[in-house]
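# This is the structure alone, sequence omitted:
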């Protein structure tokens, strides 16, 4: 049975991964967005709301999971984080399997997975593209986000594999420290290369 070439798309916070994922979608490449799936599963009526409430009482309500409250329970607590991941990861895996079945006839699909190297999953993709920009560009992008502090940014970075290591392990590097048109052209070249 033939299946699409699976490109894993990853990159550290503030590197422009969401922008690049949208560029793949604009070129007609189906993109599996792990974060969007989690948001849907944790949203109003989502399949993960009840099990998360059982494991972390008081973190859900009519709007689904209260991400801030849940984050406060698991951030910096490896045991609690592992308990949450044991609930979330199997559901995401099931959604990814369904996505692959739905797009089985496509030549290329993208798995947009922020912590692809950190949390595993590299063995499930055919190649990895890392989205990368210079550290000063990354820092200014992240600190421009509402509610972001230098301390929180440092803590997030400490949980992520260093960008240089990601680039070294990647099959492809997409530079987002360039004008958008250049990044878009690089994405188009990569799609051509992987689908020809």
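Looks like it arrived, so ask away. All values derive from a computational prediction rather than experimental measurement.
# and residue 80, that one's in a helix?
Yes: judged by DSSP: H, G, I helix; E, B strand; the rest coil, residue 80 forms part of a helix.
# Verify the contact between it and residue 71 for me.
No: at 10.4 Å, residue 80 does not count as touching residue 71 under the criterion of Cβ atoms under 8 Å. For every residue, glycine as well, the C-beta is placed using N, CA and C.
# Tell me which stretches of this protein form strands.
Using DSSP state E, the strands of the chain run over 5-10, 31-33, 60-61, 64-65, 108-112, 127-132, 172-175.
# quick one: strands adjacent to the second one?
The strands beside strand 31-33 in its sheet (DSSP bridges) come out as strand 108-112 (parallel).
# Show me the contact partners of the partner strand.
Outside strand 108-112, the residues that touch it by Cβ atoms under 8 Å, 6 or more residues apart in numbering are 4-10, 17-18, 21, 24, 29-35, 96, 99-100, 103, 121, 124-125, 191, 194-195.
# What degree of burial does residue 153 show, as a neighbour count?
17 (other Cβ atoms under 10 Å).
# which one is residue 116 nearest to, not counting chain neighbours?
residue 10 (3.9 Å; Cβ to Cβ, 6 or more residues apart in numbering).
# how close does the one you found get to residue 195?
Residue 10 sits 20 Å away from residue 195, going by Cβ to Cβ, to the nearest Å.
# what do you get for residue 6?
Residue 6 is 13 Å from residue 195, by Cβ to Cβ.
# between the two, who's got more neighbours?
Per other Cβ under 10 Å, whichever of residue 6 and residue 195 has more neighbours is residue 6, with 18 against 14.
# Can you check the pLDDT for the more buried one?
The score at residue 6 is 96. That number is its pLDDT.
# you'd agree it is up against residue 124?
Yes: judged on Cβ under 8 Å, residue 6 makes contact with residue 124 at a distance of 7.1 Å.
# Can you give me the distance of the nearest residue to residue 60 once chain neighbours are set aside to residue 66?
Leaving aside its chain neighbours, residue 60 sits nearest to residue 53 (4.4 Å; criterion: Cβ to Cβ, 6+ apart). Distance of residue 53 to residue 66, computed by Cβ to Cβ: 10 Å.
# Name the residues contacting each of the two.
59, 60.
# For stretch 167-180, list every residue counted as buried.
170, 172, 173, 174, 175, 176 (16 or more other Cβ atoms under 10 Å).
# Any chance of JSON lines for the residues you listed, columns distance to residue 86 and pLDDT?
Conversion of those to JSON lines gives the following (distance: Cβ to Cβ, whole Å; pLDDT from 0 to 100):
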{"residue": "170", "distance to residue 86": "28", "pLDDT": "95"}
{"residue": "172", "distance to residue 86": "32", "pLDDT": "97"}
{"residue": "173", "distance to residue 86": "32", "pLDDT": "96"}
{"residue": "174", "distance to residue 86": "32", "pLDDT": "97"}
{"residue": "175", "distance to residue 86": "36", "pLDDT": "94"}
{"residue": "176", "distance to residue 86": "33", "pLDDT": "94"}
